[in-house]
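# Predicted coordinates and the sequence they were generated for:
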Amino acid sequence: MLTRGHPLVWRSFELFFQPWLRRRLRGVHVAGLPPSESLGSGPVVLAANHVSWFDGFLAREAQRHLRPDAVFRTLMLASELKRSRTLRALGGMGFDPNRPLSLRSVLRALSDVRDDGLVVAFFPQGRIYPSFRRPLGFEPGLGLLTRTLAPCTVVGLGLHLEQGNHLAPRAFIHATAPLRIPADEEAEVAEVERRVQDALEAIHRELARWGEDAWKHWPSEPTGALSKP
């Protein structure tokens, strides 16, 4: 039996889901993803701001480029997961932020599958906010997650949806440079938040420069600045 989040489950699902998604998103435009060999061994944590219902699937787009055959898990609120059998089948793992033991139970389950192929998507804001919110307000659970999975690598994702001149919005994803977390340590949440905020600023600059044509030029500015420590 295939486990939740198994690559074959995703591939089978996407045969039917991708046409539906293409009708609801005009396009998904990705920049700044690091080469796979720069990720090192161990799990990868995709830490992103939270702007829409689509975010888990946008994180999946990043995973498809970084580790397409990985086991994929998405951490989300238990209340959201309970409403969607599909998200559960695709590797969603729910927790209640008001119950610390709930998160710790999820982290124990993740540690059971923490091999070199694991990719975990996490939205440290805990709820949906516009991409221009400052500060982004990342919660400390990200530190606990990375400590559980360490040694691991964190890749930040800036996510933004732009309506433009179509009914369906375009999704823009900008990744940050990999941040390596050694064993028995955890990510500095403020640093990850700063990196994601820089990625969002890069998206906003492109939109301010090109407006509705931003997707045609994406990305028109070098992404190397986001690769600096």
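In hand now; what should we look at?
# Parallel or antiparallel, list what pairs with the biggest strand by length in the chain.
Counting residues, the longest strand found in the chain (DSSP state E) is strand 152-162. When pairs are called by DSSP bridges, strand 152-162 turns out to pair with strand 44-48 (parallel), strand 170-175 (antiparallel), strand 179-181 (antiparallel).
# between those, which gets nearest to Leu142?
strand 44-48 (5.9 Å; Cβ to Cβ). For glycine as for every other residue, the C-beta is placed from the backbone atoms N, C-alpha and C.
# Can you give me the buried ones in that closest one?
Going by neighbour count (16 or more other Cβ atoms under 10 Å), the buried part of strand 44-48 is 44-48.
# follow-up on the earlier one: quick check: mean pLDDT of the longest strand of the chain?
Taken as a whole, strand 152-162 carries a mean pLDDT of 97.
# just how off-centre is that strand within its chain?
5 Å (Cα atoms, centre = their mean, to the nearest Å).
# Buried residues, stretch 50-58. List them.
50-52, 54-58.
# I'd like those residues written out as a markdown table, with distance to Asn165 and secondary structure added.
Converted to a markdown table, the buried residues of stretch 50-58 look like this (distance: Cβ to Cβ, whole Å; DSSP: H, G, I helix; E, B strand; the rest coil):
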| residue | distance to Asn165 | secondary structure |
| --- | --- | --- |
| His50 | 26 | coil |
| Val51 | 20 | coil |
| Ser52 | 19 | coil |
| Phe54 | 19 | coil |
| Asp55 | 23 | helix |
| Gly56 | 27 | helix |
| Phe57 | 23 | helix |
| Leu58 | 21 | helix |
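# Nearest to Pro151, out of these: which one, please.
Once Cβ to Cβ is applied, the member of those that ends up nearest Pro151 is Gly56, at 24.9 Å.
# Next one: the nearest residue to the closest one once chain neighbours are set aside, what pLDDT does it get?
Spatial nearest neighbour of Gly56, chain neighbours left out: Thr74 (4.7 Å); criterion: Cβ to Cβ, 6 or more residues apart in numbering. pLDDT for Thr74: 83.
# wait, isn't Thr74 in contact with Phe57?
No: contact criterion Cβ atoms under 8 Å: Thr74 and Phe57 do not qualify, at 9.3 Å.
# for the chain, what spans make up the strands?
27-31, 44-48, 72-77, 92-95, 119-122, 152-162, 170-175, 179-181.
# Out of those, the one nearest Lys216 is which?
Using Cβ to Cβ, the nearest of the strands of the chain to Lys216 is strand 27-31, at 9.7 Å.
# Right, I'll call it a day here.
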